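Enquirer: Fold the following, please.
(one chain, ligands or ions: 1)
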Amino acid sequence: MNNTKYVFVTGGVTSSLGKGIIAASLAKLLQERGYSVTIQKLDPYINIDPGTLNPYEHGECYVTDDGAETDLDLGHYERFLNIPTSQANNVTTGRIYQSVINKERKGEFLGKTVQVIPHITDEIKHRIKILGNTGDYDIVITEIGGTVGDIESLPYIEAVRQLQWELGEDNAIVIHLTLVPYLAAAGELKTKPTQHSVKMLMQSGIGPNILVCRSEYTISEDIKKKLALFCNVKKQDVIQSLDAETIYDVPNLMFEEGLDRVVLEKLNLSTDKQPKLIDWNTFVAKYKNPKNEVEIGLIGKYVELHDSYKSITEAFIHAGSTHETKVKVRWIHSEKLANKNIAKQLANLDGILVAPGFGERGIEGKIDAVRYAREHKIPFLGICLGMQMAVIEYSRNVLGLADANSTEMNENTSHPVINLMEEQKDVTEKGGTMRLGAWDCELKENTKVYNAYGSKNISERHRHRYEFNNDYKDKIEAGGMLATGINPKTGLVETIEIPDHPWFVGVQYHPEYKSTVLNPHPLFLDFIAAAVEKQKNK
Ligand code: GLN
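Expert: You can find the predicted model right below:
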């Protein structure tokens, strides 16, 4: 038995209230007070993981070191806490059912009827306690996806009820995040939606211990009193969460409201040590008071939904803060680029980032953008598919291999400079079968990547099926594009660059996943530095 305490975060009234940011901000404050904390997200959908979801549906798919394809909230957890997450930090209904059904087939429930209660709820409780049972954490914060009252979240709410009953309220508490809307016509903040959503929770046997109320306007003491009375909590346990200028303000705002203090008091944990957030606040101050501004073109095919590139835009913020530079993003749809207005759409950019992606749509626009960056000496970062496009562009327009392509786009190309990885050739299932997670890479000295990292051996996270075709390596290097980072075991080319260019780097891996507030990613740091340089020389 260890003494891990559990904090559950549920949501009411509507989705998109920012449970993930509240959970991450609370965790940050507790971490600053000296507690070891981790955060877990339980997603009530039936997919095993979001890896097979279109980004338009669910935003970015975030990848952990251990190769889990997860919800983008895990990215926030890592960026705030600066500690890695893993598969155990994201569980879906699909995964829960899959393991219960696998056990049933093995005969583990022989003779019994397998039911939502107790079998599914037991599996949920088991997944929650896995993190606590490692003994690594004083506090585990578990965010329940969706909104209370959704049919699909019922088993999770029931599992939380049971856990709280088993562990006691000083070991497991529930924070309910709700909305207190302002009705302009009435000129008032309204508490009724919160009352209803708490009632719904209570019908499931859970009385929330703390209410966090999202609101556009200050919640008066009177309204807090009313919420407390109707929702069966103490007035000091009604915490207001006003709209923030940036998500990185939320830890400070929650501290001012006393969220971390009331959590600790309820869990019978010491509040002696105060959170200082020294490095955090340095980051926020620099982020809010930039001395320069650069504009980066982000070329992708999911740009209508900015969440599809969440980790990339956050990595810009981290690197921008270090350089005291505001990084403005110009969102450019790759499909709208091909052959049309390239110069106009890319005019005056200080940097170009060609984003990750899958499939043929928008590919030619990405290739044109690479060409523009290369020829106009604009700092360039190509990530995963973006790196592959850089290799194709170079092969076509510099080496003269006119139909060079990736076999993902054209299986019959006469120059497959990017092709399917050997280990992928027998793979038929789509879910969780890519080359995923952390792999080692060895960097060549005196290169841009080596200069950025300041070390030879790195490990970065991956999510791809195709790779640089080593049959073309000699030809491409002789032509002036160098393979500067190689997987030491397989020889797979991980990074390419053009020495005869101010800053042109492509990486097969995803550096954006590892950028955090306290550890901005070295490649983003150097990319933004190059953009600042470009901007100054204009
Ligand atoms: N579609 C490419 C591949 O599978 C790139 C993937 C990506 O950008 N994440 O290799």
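
Enquirer: What is the burial count for residue 218?
Expert: 10 (other Cβ atoms under 10 Å). Where C-beta positions appear, they are placed from N, C-alpha and C, glycine not excepted.

Enquirer: Please read off the pLDDT at it from the model.
Expert: Note on residue 218: pLDDT of 96.

Enquirer: Ok, residue 2 next?
Expert: 67.

Enquirer: And for residue 74?
Expert: pLDDT at residue 74 comes out at 96.

Enquirer: quick one: it and residue 24, what's the gap?
Expert: 10 Å (Cβ to Cβ, to the nearest Å).

Enquirer: which neighbours do those two share?
Expert: Listed as contacting both residue 74 and residue 24 by Cβ atoms under 8 Å, 6 or more residues apart in numbering are residue 39.

Enquirer: which parts of the stretch 401-538 of the chain sit against the ligand?
Expert: Proximity of the stretch 401-538 of the chain to the ligand (Cβ under 6 Å from any ligand atom) is limited to residues 408, 463-466.

Enquirer: Now with 8 Å, please.
Expert: 406, 408, 418, 421, 434, 463-467, 508, 510 (Cβ under 8 Å from any ligand atom).

Enquirer: cool, the chain as well?
Expert: Residues of the chain lying close to the ligand by Cβ under 8 Å from any ligand atom are 355-359, 383-386, 388, 406, 408, 418, 421, 434, 463-467, 508, 510.

Enquirer: so where's the stretch 1-150 of the chain shaky on pLDDT?
Expert: 1-2 (pLDDT under 70).

Enquirer: CA atoms of the helix or strand hosting residue 352 as CSV?
Expert: Element membership of residue 352, judged by DSSP states H and E, is strand 351-354. Taking Å, rounded to 0.1, in the frame of the first residue of the first chain, the C-alpha atoms of strand 351-354 are listed here in CSV:
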residue,chain,number,x,y,z
GLY,A,351,10.6,31.1,-41.7
ILE,A,352,8.7,28.3,-43.4
LEU,A,353,7.7,25.1,-41.6
VAL,A,354,6.3,22.3,-43.6
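
Enquirer: Could you list every helix and strand in contact with it?
Expert: Secondary-structure packing of strand 351-354 (3 or more Cβ pairs under 8 Å, 6 or more residues apart in numbering; DSSP states H and E): strand 292-300, helix 363-375, strand 380-383, helix 385-397, helix 522-536.

Enquirer: which one of the ones you listed has the most crowded surroundings?
Expert: strand 380-383 (a mean of 28; mean count of other Cβ atoms under 10 Å).

Enquirer: which other helices and strands contact that one?
Expert: strand 351-354, helix 363-375, helix 385-397, strand 504-507, helix 522-536.

Enquirer: 7 Å instead, please
Expert: In this structure, strand 380-383 makes packing contacts with strand 351-354, helix 363-375, strand 504-507, judged by 3 or more Cβ pairs under 7 Å, 6 or more residues apart in numbering; DSSP states H and E.

Enquirer: what does that strand contact?
Expert: Outside strand 380-383, the residues that touch it by Cβ atoms under 7 Å, 6 or more residues apart in numbering are 352-356, 370, 373-374, 389-390, 503-507, 510, 512, 523, 527.

Enquirer: follow-up on the earlier one: now the residues of the stretch 401-538 of the chain next to the ligand as CSV including neighbour count?
Expert: Below are these laid out as CSV (neighbours: other Cβ atoms under 10 Å):
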residue, neighbour count
406, 24
408, 19
418, 27
421, 15
434, 20
463, 21
464, 21
465, 18
466, 22
467, 24
508, 30
510, 22
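
Enquirer: mind listing the strands for the stretch 51-200 of the chain?
Expert: Applying DSSP state E, counting those that start in this stretch to the stretch 51-200 of the chain gives strands spanning 62-63, 69-70, 90-92, 139-144, 172-179, 182-183, 188-189.

Enquirer: Turn these into CSV, including distance to residue 482.
Expert: Below are those laid out as CSV (distance: least, Cβ to Cβ, whole Å):
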stretch, distance to residue 482
strand 62-63, 26
strand 69-70, 31
strand 90-92, 37
strand 139-144, 44
strand 172-179, 50
strand 182-183, 57
strand 188-189, 60
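
Enquirer: Let me have those in JSON lines, extended by mean neighbour count.
Expert: Compiled in JSON lines, the strands of the stretch 51-200 of the chain are given as follows (neighbours: other Cβ under 10 Å):
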{"stretch": "strand 62-63", "mean neighbour count": "26"}
{"stretch": "strand 69-70", "mean neighbour count": "24"}
{"stretch": "strand 90-92", "mean neighbour count": "25"}
{"stretch": "strand 139-144", "mean neighbour count": "26"}
{"stretch": "strand 172-179", "mean neighbour count": "25"}
{"stretch": "strand 182-183", "mean neighbour count": "10"}
{"stretch": "strand 188-189", "mean neighbour count": "16"}
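
Enquirer: Spatially central, which residue of this protein would that be?
Expert: residue 75 (2.8 Å; Cα atoms, centre = their mean).

Enquirer: From the ligand, how far off is that one?
Expert: For residue 75, the distance to the ligand equals 15 Å [Cβ to the nearest ligand atom, to the nearest Å].

Enquirer: The strand holding residue 352: partners in the sheet, and parallel or antiparallel?
Expert: strand 292-300 (parallel), strand 380-383 (parallel) (DSSP bridges).

Enquirer: Output those strands in CSV, with distance to residue 59 and mean pLDDT appended to each entry.
Expert: Listed next are the strands paired with strand 351-354 as CSV, based on distance: least, Cβ to Cβ, whole Å; pLDDT from 0 to 100:
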stretch, distance to residue 59, mean pLDDT
strand 292-300, 13, 97
strand 380-383, 16, 98
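
Enquirer: got TSV for those, with distance to residue 92 too?
Expert: Listed next are the strands paired with strand 351-354 as TSV, based on distance: least, Cβ to Cβ, whole Å:
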stretch	distance to residue 92
strand 292-300	25
strand 380-383	26
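
Enquirer: So which residues of the stretch 201-350 of the chain form helices?
Expert: Taking DSSP state H, counting those that start in this stretch, the helices of the stretch 201-350 of the chain run over residues 221-231, 250-257, 259-266, 278-288, 310-322, 342-345.
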